[in-house]
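Enquirer: Quick check, what structure comes out for this input:
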Amino acid sequence: MKIKMFVIAILLALQTALPSEAQRDLSRAINQALLSECVSKESTSVRVVDVHSGRVLYDRKGKKLLIPASVQKVIITAAALQRMGANYRFKTTFYRTGPVEKGVIKGDLIIRGGGDPKLVVEKVWLISQHLNHLGISKIDGDLVVDNTFFDTHKIVPSWNGRNSQRPHDARLGALSVNFNTIAVIVSPGEKPGDKLNAAILPKTDYVRLVNNGVTIGRKKHAIKAWHSYKNGKVMVTVSGKMGTGIKSKTIYLSVEDPGRYAGEVFKSYLAKAGVTVIGRVAMGHTPRHAALLMVHESEPLAVILRYLNKYSNNFIAEQIAKSMAAESSQSPGSHAKALQILRSFLNNLGVDMGEVKLADASGLSRKNRMTAALTTDFLAKVYKRFDIGPDFVATLGIMGVDGSVRDRMKGAYSKVLSRVKTGSLSKVSTLAGYVSGAKGGLYSFAIFLNNVNCGYKAADQIEDTIVTNIYKYASIEK
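Expert: Next comes the predicted model:
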């Protein structure tokens, strides 16, 4: 009897260890996709895991440390949900330093930023209207911006002082408006030789426009915009040519002084709402004697995180990281503290950290190193956490439906059964997430393509092929 039981145990172990026909088909299909000339054999990692059983269906260099790019955003997403809660709301608080007499604040108006990453001009307009409805028509003193919820670093330390004006390099601030960017909207004139039509949003006296663009007859465009500083103002210059019949183009430029910019935008919109600020925009802190006027609350964190991941917004990721650090330590939020929290979260989740290196929250730094093994195990564990799993999955892009993957996997039935996070840097393309199997089951996967030798579209095609084959061949083991 003991011998019989021993033989059965051996057979069951062999059945578990040996790959099924479906798994062999999956391996062949993924290996075929990775034969592309785009792929670096030494800098490519792919892993597929059955979410519910933890069984590894495919692994190629799963424990190799590679650059994850924006796939790393899944970590700050889950950590923020766990630490701050899905219903957390960022608070922007308004104080006065003097009494209100006949609608006039005899002192300063203070705006204390709370890290809100989605404080857009529409919200600024509503806040300005609300302050007017409180009976305020004038501020005798200054408009003071209190950014002390964060430390003084406007750029992530690991970004090595990046000074780009591109929107994905936007600077950070506890009070930030419109993702700390200026929108420059450009369209052709009526006829060749006319100046281009150009406008700036949000419009303030702090930002001035110099339009050197010209309309041409051909349906082509080569326009650019940049900003400089002169006499305490931001000077935005537009140059180049744009053909008649071309649709308007919007160029986004990041600003260098988020606090000053936010204050100037508020001052302008307060004036439009009938609230005049006599003084200047200044940076400062909120004194203890200041009286509370109102508190503006953001959308719930769970909603903001959808915008973060579906559109891979670096600014939102880093703002949330510093806010999480500030809330956890009751001191100015810093990236050093945020990264400690992220590592602690991963350790408590029970994933193998190994030699993983976290240099920022957004994945923009090329100093980040992660493994496909950590990523797939992380995804599987988060999915099973009822406290954060449902909201986490809802933040991911749906292939062929929304966000940055709206136009991918066209015509493939499996596209709507995939929830993913993309990542891209120069010569780096990554994809990770979940895909349902055609025969049931749910699978977490991670695809890290480093040292990519072709364009992003070709890399996307390789990743899409792998996801399609996971859907096709992965199946629940009986």
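Enquirer: chain center to stretch 127-138, what's the gap?
Expert: 33 Å (Cα atoms, centre = their mean, to the nearest Å).
Enquirer: Just the buried positions in it, please.
Expert: By 16 or more other Cβ atoms under 10 Å, the buried positions in stretch 127-138 come out as 127, 128, 129, 131, 132, 136, 137, 138. C-beta coordinates here come from the backbone N, C-alpha and C atoms, glycine included.
Enquirer: Residue 340 is in what secondary structure piece?
Expert: Secondary structure assignment for residue 340, by DSSP states H and E: helix 335-349.
Enquirer: coming back round to it: right, and out of the buried residues of stretch 127-138, which lies closest to residue 329?
Expert: Minimum distance to residue 329 across the buried residues of stretch 127-138 is 27.9 Å, recorded for residue 127 (Cβ to Cβ).
Enquirer: sec struct for that closest one, please.
Expert: Of the three states, residue 127 takes helix under DSSP: H, G, I helix; E, B strand; the rest coil.
Enquirer: list the contacts for it?
Expert: Residue 127 sits next to 92, 94, 266, 269, 294, 296 when contact means Cβ atoms under 8 Å, 6 or more residues apart in numbering.
Enquirer: Run me through the strand neighbours of the helix or strand residue 448 falls within, direction for each.
Expert: Secondary structure from DSSP H and E places residue 448 in strand 442-450. With DSSP bridges as the test, strand 442-450 is paired with strand 44-50 (antiparallel), strand 428-436 (antiparallel).
Enquirer: chain center to that strand, what's the gap?
Expert: Distance, centroid of strand 442-450 to centroid of chain: 19 Å (Cα atoms, centre = their mean).
Enquirer: Could you point out the helix or strand that follows it?
Expert: Next element after strand 442-450 (DSSP H and E): helix 456-473.
Enquirer: how big is the angle separating that following helix from strand 44-50?
Expert: 30 degrees (axes from the mean of the first three to the mean of the last three Cα atoms, to 10 degrees).
Enquirer: Buried residues in helix 456-473, which are they?
Expert: Result for helix 456-473 [16+ other Cβ under 10 Å]: buried residues 459-473.
Enquirer: List just the nearest of the residues you listed to residue 23.
Expert: The closest of these, once distances to residue 23 are taken by Cβ to Cβ, is residue 473, at 7.4 Å.
Enquirer: Export stretch 257-272 to PDB, keeping only CA atoms.
Expert: The C-alpha coordinates for stretch 257-272 follow below in PDB (Å, rounded to 0.1, in the frame of the first residue of the first chain):
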ATOM      1  CA  ASP A 257       8.900  77.800 -10.600                       C
ATOM      2  CA  PRO A 258       5.700  75.900  -9.800                       C
ATOM      3  CA  GLY A 259       4.800  77.800  -6.600                       C
ATOM      4  CA  ARG A 260       5.100  81.300  -8.300                       C
ATOM      5  CA  TYR A 261       3.200  80.000 -11.400                       C
ATOM      6  CA  ALA A 262       0.400  78.500  -9.300                       C
ATOM      7  CA  GLY A 263       0.100  81.700  -7.300                       C
ATOM      8  CA  GLU A 264      -0.100  83.900 -10.400                       C
ATOM      9  CA  VAL A 265      -2.700  81.700 -11.900                       C
ATOM     10  CA  PHE A 266      -4.800  82.000  -8.800                       C
ATOM     11  CA  LYS A 267      -4.300  85.700  -8.600                       C
ATOM     12  CA  SER A 268      -5.500  86.000 -12.200                       C
ATOM     13  CA  TYR A 269      -8.600  83.800 -11.700                       C
ATOM     14  CA  LEU A 270      -9.500  85.500  -8.500                       C
ATOM     15  CA  ALA A 271      -9.500  88.800 -10.300                       C
ATOM     16  CA  LYS A 272     -11.900  87.400 -13.000                       C
END
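Enquirer: What residues sit buried inside it?
Expert: 257-270.
Enquirer: rewinding a little: could I get the strands paired with strand 442-450 in a markdown table, plus columns for mean pLDDT?
Expert: Below are the strands paired with strand 442-450 laid out as a markdown table (pLDDT from 0 to 100):
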| stretch | mean pLDDT |
| --- | --- |
| strand 44-50 | 97 |
| strand 428-436 | 97 |
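Enquirer: Out of these, which gets nearest to residue 237?
Expert: strand 428-436 (32.3 Å).
Enquirer: Can you give the contact residues for stretch 219-227?
Expert: 165, 182, 184, 186, 188, 196, 207, 213, 234-246, 249, 251, 253, 255.
Enquirer: Sort out which of these are buried, if you could.
Expert: 165, 182, 184, 186, 188, 196, 207, 213, 234, 236-238, 241-242, 244, 246, 251, 253, 255.
Enquirer: can you tell me which of the buried residues of stretch 127-138 lies nearest to residue 393?
Expert: residue 127 (32.7 Å).
Enquirer: how close does the most centrally placed residue in the chain get to residue 63?
Expert: Note on the chain: the residue nearest the mean C-alpha position is residue 313, at 2.5 Å, using Cα atoms, centre = their mean. Noted for residue 313: a distance of 30 Å to residue 63, by Cβ to Cβ, to the nearest Å.
Enquirer: Packing partners of the next helix or strand after the helix holding residue 340?
Expert: Next helix or strand after helix 335-349 toward the C-terminus (DSSP H and E): helix 372-383. Packing contacts for helix 372-383, counted by 3 or more Cβ pairs under 8 Å, 6 or more residues apart in numbering; DSSP states H and E, involve strand 44-50, helix 73-84, helix 335-349, helix 389-394, strand 428-436, strand 442-450.
Enquirer: residue ranges with poor pLDDT in this structure?
Expert: Low-confidence segments of the chain (pLDDT under 70): 1-19, 161-162, 475-478.
Enquirer: Let me know how buried residue 441 is, in neighbour terms.
Expert: 18 (other Cβ atoms under 10 Å).
Enquirer: Thought residue 474 was touching it, still the case?
Expert: Yes: using Cβ atoms under 8 Å, residue 441 makes contact with residue 474 at a distance of 6.4 Å.
Enquirer: Residues that sit against both of those two, list them.
Expert: By Cβ under 8 Å, 6+ apart, the residues touching both residue 441 and residue 474 are residue 50.
Enquirer: re earlier: can you put the strands paired with strand 442-450 in TSV and add distance to residue 108 and mean neighbour count?
Expert: As requested, the strands paired with strand 442-450 are exported to TSV (distance: least, Cβ to Cβ, whole Å; neighbours: other Cβ atoms under 10 Å):
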stretch	distance to residue 108	mean neighbour count
strand 44-50	55	25
strand 428-436	47	25
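Enquirer: got TSV for those strands, with distance to residue 229 too?
Expert: Listed next are those as TSV, based on distance: least, Cβ to Cβ, whole Å:
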stretch	distance to residue 229
strand 44-50	44
strand 428-436	33
